[in-house]
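J.: predicted coordinates and the sequence they were generated for:
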Protein chains: 2
Amino acid sequence: MNYFDLQGIELSAVDSALERFVREQQSCPSGAGVHGRSLWEEVLEHTRSGKRLRSRLVMLAACSNGPHDHEAAAAVAAAYGLLHAAFILHDDVIDRDDMRYGRPSLHAAHAAGAASRGMSDDLATHRGYTRSILAGDLALAAAYRLLLAGTADVPAPAREELQRILHDTVVTTTLGELLDVELSFSPDQATTGDDAGDPREKALRTAELKTAVYTFCAPLQSGALLAGLGADQVAAVGRAGTHLGMAFQLEDDLLGVFGDPGAIGKPVGGDLREGKHTYLMATALASEAASEVKDLLSRACAADDDELSRINLAMRELLTRCGALQATADQIRDHARQARDEIAGAALPGPLGDALAALAEEIGSAR
Amino acid sequence: MNYFDLQGIELSAVDSALERFVREQQSCPSGAGVHGRSLWEEVLEHTRSGKRLRSRLVMLAACSNGPHDHEAAAAVAAAYGLLHAAFILHDDVIDRDDMRYGRPSLHAAHAAGAASRGMSDDLATHRGYTRSILAGDLALAAAYRLLLAGTADVPAPAREELQRILHDTVVTTTLGELLDVELSFSPDQATTGDDAGDPREKALRTAELKTAVYTFCAPLQSGALLAGLGADQVAAVGRAGTHLGMAFQLEDDLLGVFGDPGAIGKPVGGDLREGKHTYLMATALASEAASEVKDLLSRACAADDDELSRINLAMRELLTRCGALQATADQIRDHARQARDEIAGAALPGPLGDALAALAEEIGSAR
């Protein structure tokens, strides 16, 4: 997936807003020490890495309807970039992911540094986690602050709505992350931790809460507000965004098992090792292949990288055979279709409607 | 230390503001699931526990000068309570503290629960950390949101100043926590991690950043703003607060080694195990007893609770003999005196001036 329509969206104003904000923070008395400067630098680097979907989506929507407050749009786009950095920094600790953006994740890099200075492995790992927890706290705080400070000239009702959306998004995503972890498969437990309800439904709900809202729904709604779109259009953009976000997360789940490690920037199989309860896995665990799937997941928990690679290959074969791959691809296409329907029905400004339709088409036709 | 003058400060309006806010959050679609409800409940419980110094200090200052916006004061006081909860929840992970408020800390309680359901110790411990990281994220987000939403009727300049103080406080405390961890003594390393500067000065700086600002300075300044005090008085209250906060943290460092476990709600010696680079320890490490101190700290890292208790007793004797206890007590008295001087020079409203002077007297005369 290239999201090629989005890659052309200009982020120079967002980069300026970010840079200015971080330099201001670093010039405060508490931010000026060597520790403060380096932690802020790490937050900035994370915010500028990756595909920067959330910042691009804010700018796409904000710039779609003629004259608008470009500085405010850039600040909001930067705030969603900071929010993503905050989630990434804490999630990499929570999921114990040692790779991010094709290089060691922040906690892994700091753990390696501490170990090389002679610290025991256990203590070094924990020092790495500490760094990533604190960097994430700083990024979360910065998202609230930059959105507030950067929208001072936005009329009060829209500004308050932007603040409400940001906060609801933080809460939703945090609870989605909790759900994601609590539902994870554990080989020590008889079930996936919670017996009530269809596990596939719960996996879809988790994807919505932990990813779809903050990646697509909230950035697009915020941009639409800044573009001055009406309440009905903002709501429709939000619904379309949620469907796009669902398709995006389901595709990401597939890539976690079927992807090319070079392209996704981290080893495949990490989701298997953590027992992630994705729609893909929930479907497989509800199929006649359930016991074989459980067996592979149990082995994945304790596997080294070579073994994990072999388990992942076996899992690909199993997920294809039991229909879970197909069921997930169907879900992706279905959400992409619903996104297109929402977009078509909302009479959005041309550039926004066209870009979102193209995005839905691209996501929906990948499988 | 009883902080008896503060214990009489009424928190019922703060409790109402907290309760109303959390119930609102729990009624949002994403907060209404069983996971959302329980995580919010844990945040609420943490915010209501302990001495609640920060909330009391906001209310003390806000109510000191006659008519004021009592609902706004309660919201700001609640926000500082939430902020403290956020820091506690993350710090207990960072410091691997298994006890808090005389009972298992949140991560320890969840780890024990997961282990009792058959999860391996390593995975269960990490699940506990995850829970505490996410609860802390929620509490941090809630602090920003409640302060913003609860001060809607406060005139713009004061409201913006309240927002700025909150954000600067979050950044300062986060960087202070980083400094605290990075400076910790590690027996695997030749030094305390950073060679530049006097370690005692760095320990004092850490105490200011990680504790004094968010515990005393910011709550008092925020309350003073809400009370309508002038800029000079707000600034003087902030300086007095920083000195009180320094004395408070230095006293807390002493209690960590010399305290009664029943009174402080957690085992003594935890700071030793984590190699906390307090002023107390930095002074000992700069004395002729340095090698004996290092030896005890090295043993503390790997000690079980019984052994830690013996090491702690030996450390008491050593800290007394080498003068570090006395030097710390001198610092406490000196900061209390500077706080009293600031208070006396600021012509504060009677109730505020009297309460702060009594507090400085109490903290300064404890040693």
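T.: Great, that's in hand.

J.: contacts only, for residue A:240.
T.: By CB atoms under 8 Å, 6 or more residues apart in numbering or on different chains, residue A:240 lies in contact with A:220, A:339, A:342, A:343, A:346, A:356, A:360. Heads up, the C-betas are built off the backbone N, CA and C, glycines and all.

J.: just the buried ones among those residues, please.
T.: A:220, A:339, A:342, A:343, A:346, A:356, A:360 (16 or more other CB atoms under 10 Å in any protein chain shown).

J.: phi and psi next, for the fourth one.
T.: According to degrees, to the nearest 10, the main-chain angles of residue A:343 amount to phi -60, psi -40.

J.: next one: the third one
T.: Listed backbone geometry of residue A:342 is phi -60, psi -40, with angles given as degrees, to the nearest 10.

J.: surely it meets residue A:244?
T.: No - the criterion here is CB atoms under 8 Å, and residue A:342 misses it with residue A:244 at 9.3 Å.

J.: tell me the pLDDT of residue A:26.
T.: pLDDT recorded at residue A:26 is 92.

J.: tell me, how many residues neighbour it?
T.: 18 (other CB atoms under 10 Å in any protein chain shown).

J.: tell me the domain ranges of chain A?
T.: Partitioning chain A according to automatic domain parsing yields domains covering residues A:11-48+A:70-153, A:156-367.

J.: distance between the longest one and the chain's centre?
T.: Taking CA atoms, centre = their mean, to the nearest Å, the mean C-alpha location of domain A:156-367 is offset from the chain mean by 9 Å.

J.: straight-line length of that domain, end to end?
T.: Distance between the two ends of domain A:156-367: 44 Å, counting by CA to CA, to the nearest Å.

J.: mind listing the strands for chain A?
T.: A:99-100, A:103-104 (DSSP state E).

J.: parallel or antiparallel, which strands does the first one pair with?
T.: Strands adjacent to strand A:99-100 in the sheet, as given by DSSP bridges, are strand A:103-104 (antiparallel).

J.: surely residue A:148 and residue B:148 touch.
T.: Yes - the pair residue A:148 / residue B:148 is scored as a contact, 7.2 Å apart, by CB under 8 Å.

J.: so what's the residue of the stretch 51-200 of chain A found nearest chain B up against?
T.: Using CB to the nearest CB, the closest approach of the stretch 51-200 of chain A to chain B is made by residue A:172 at 3.9 Å. Neighbouring residues of residue A:172 by CB under 8 Å, 6+ apart: A:209, A:213, A:214, B:28, B:30.

J.: do you know how far the first one is from residue B:36?
T.: Going from residue A:209 to residue B:36 by CB to CB, to the nearest Å gives 9 Å.

J.: return every residue with contacts to both of these two.
T.: Overlap of the contact sets of residue A:209 and residue B:36 (by CB under 8 Å, 6+ apart) consists of A:175, B:30.

J.: does any bit of the lengthiest helix in chain A sit next to chain B?
T.: Secondary structure of chain A per DSSP state H: the longest helix is helix A:121-150. Yes - using CB under 8 Å from any CB of the partner chain, we find that helix A:121-150 touches chain B at A:123, A:126-127, A:129-131, A:133-134, A:136-138, A:140-141, A:144-145, A:148.

J.: now that helix, how far from the centre of its chain.
T.: Distance of helix A:121-150 from the chain centroid (CA atoms, centre = their mean) equals 16 Å.

J.: show me what that helix is packed against.
T.: If contacts are counted by 3 or more CB pairs under 8 Å, 6 or more residues apart in numbering or on different chains; DSSP states H and E, helix A:121-150 sits against helix A:12-27, helix A:34-48, helix A:70-94, helix A:106-116, helix A:156-182, helix B:70-94, helix B:121-150, helix B:156-182.
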